[in-house]
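**Q** Sequence isn't available, so here's the structure alone:
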């Protein structure tokens, strides 16, 4: 079945540590790929997206993500996490005709 | 740009009442989406419009839910009658076809609905 998987429901990292959030998809073709962040009580904010070209994409707030076709992955990374990064992160794909599918989300807790 | 605007931000109502959620997409965007977010089911697409025309409403839970987009700058999602299980956060998003930003959906702040 076509799906977007975020294997980690909850991740805790110390402030200043590096972060990697995993995302895998299972579709026949390469979809458009997105990462969104949702702070408590807020809407979803676009962090970055991949359509084509360079497989390493830079986003806002110091985040980056790398598309790996061979692994059907689009993992989100940040070299040094700040306390304000605590939020829920959603990976999403768009197949065609605006059909966007979201992963279940990964909740990030940042320890002081 | 003001972004996607949703109103109200919070709504508390009693079972059986009609609820109307409103959305103003980003100016120039021609696609509009309604999502529902719950702890149990995550983010679910309810319906989306392209150029004010409903394209896919397969996610609408049942006949109690209806959505309209009378013009390019306004959409409503109505629940009548509302039930406690409709309690959720409802998000509106918009996007623009074509160009480097195509397929990128921008979300509103959401409406938190509680049906007692």
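**A** Noted; the coordinates are in hand. What you see is a predicted model, and the numbers here were worked out from it, not measured in a lab. Numbers count the residues shown, from 1 in each chain, chains lettered A, B, ... in the order given.
**Q** Need the residues that contact stretch A:54-66.
**A** With contacts defined as Cβ atoms under 8 Å, 6 or more residues apart in numbering or on different chains, stretch A:54-66 is touched by A:33, A:35, A:37, A:45-50, A:67-69, A:73-80, A:85. Glycine gets a C-beta too; all of them are placed from N, C-alpha and C.
**Q** Now intersect those residues with the strands, please.
**A** Counting by DSSP state E, the part of the contacts of stretch A:54-66 found in strands is A:33, A:35, A:37, A:45-50, A:67-68, A:73-78.
**Q** Buried ones among these?
**A** Neighbour-count burial (16 or more other Cβ atoms under 10 Å in any protein chain shown) applied to the ones in strands among the contacts of stretch A:54-66 gives A:33, A:35, A:37, A:45-50, A:67, A:73-76, A:78.
**Q** With respect to residue B:39, which of those residues is nearest?
**A** Within these, the smallest distance to residue B:39 is 18.0 Å, found for residue A:37 (Cβ to Cβ).
**Q** how far away is that closest one from residue B:70?
**A** Applying Cβ to Cβ, to the nearest Å, the value for residue A:37 to residue B:70 is 32 Å.
**Q** what about the strands in the chain?
**A** Using chain A here. A:3-5, A:10-14, A:19-21, A:24-26, A:32-38, A:44-50, A:56-58, A:64-68, A:73-78, A:87-94, A:100-102, A:106-111.
**Q** try chain B instead
**A** With DSSP E applied, chain B shows strands at B:5-7, B:10-13, B:19-24, B:31-38, B:42-50, B:53-56, B:65-71, B:74-79, B:88-95, B:106-107, B:111-115, listed in chain order.
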